[in-house]
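**Student:** sequence first, then the predicted structure:
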Amino acid sequence: MKLVEGTVTVGGERFPDTGAFVDALATVGDEYGVTTQAFDARYVVSERHLQRAVELADRERARGNAIARERAVEILLYAAGRRQIDRALAMGVGDGETPVVVLVDGDAESAASEAVADLLSPAATLGEYDPARVRSYFAISEQELAATDADLADLVLERVALLVVER
């Protein structure tokens, strides 16, 4: 798995809507035979967050317990800790300028990562998450944070892992 960081502007000349950006990523995925999935970086607490989502999504797919038909969507669901695609999409890219982390996974991930980078404006985005946004999205209260030695990133990883249990 490789992660490509940057920003993307949806609603401009290059990507007039979210679909155009998603289509561009899908084209890279098809061309290189890899899985691509974009995330709004303000929701991604760490590289481990996405690694764990890939691991769990792949494990459940191998067991025949996939939630989604497409691997990229399955990874999004696990990263979001949600079974409903429409609710998980909030972690994706929206209109305007968005800091993104694009996951690229497969045999040709290095070459595909370069092609994905060409779609973005370069910027360091991983680890630049918005704690209030993350707490709200993953329903992590101040009380929960205060009651444990775990930090916010640990609690997000717990939410990712719990999706397997919530069948």
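**Tutor:** Structure received. Quick caveat: nothing in here was measured; it's all calculated off a predicted structure.

**Student:** going forward, measure contacts and count neighbours with C-alpha atoms only.
**Tutor:** Fine.

**Student:** tell me which element the residue nearest in space to the middle of the chain falls in.
**Tutor:** For the chain, F39 is the residue whose C-alpha lies nearest the centre (C-alpha atoms, centre = their mean; 3.8 Å). For F39, the host element (DSSP states H and E) is strand 35-40.

**Student:** contacting residues for the residue nearest to the centre of the chain?
**Tutor:** M91, G92, V93, V100, V101, V102, L103 (C-alpha atoms under 8 Å, 6 or more residues apart in numbering).

**Student:** if any of those residues are buried, give me the PyMOL selection for them.
**Tutor:** Command for PyMOL that selects the buried part of the contacts of F39, burial taken from 16 or more other C-alpha atoms under 10 Å:
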select buried, resi 91+92+93+100+101+102+103
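
**Student:** related to what we said a few turns ago, would you mind measuring from the spatially closest residue to the residue nearest to the centre of the chain that is not a sequence neighbour to A72?
**Tutor:** Among residues not flanking F39 along the chain, G92 sits closest, at 4.5 Å (C-alpha to C-alpha, 6 or more residues apart in numbering). Between G92 and A72 the computed distance is 12 Å (C-alpha to C-alpha, to the nearest Å).

**Student:** if I look at the closest residue to A108 other than its chain neighbours, how far off is E60?
**Tutor:** Nearest residue to A108, sequence neighbours excluded (C-alpha to C-alpha, 6+ apart): Y32, at 5.9 Å. Look at Y32 and E60: by C-alpha to C-alpha, they are 24 Å apart.

**Student:** these two - which one has more neighbours?
**Tutor:** When Y32 and E60 are compared on other C-alpha atoms under 10 Å, the one with more neighbours turns out to be Y32, at 18 against 14.

**Student:** so who does the more buried one touch?
**Tutor:** By C-alpha under 8 Å, 6+ apart, the contact set of Y32 is A108, E109, A111, A112.
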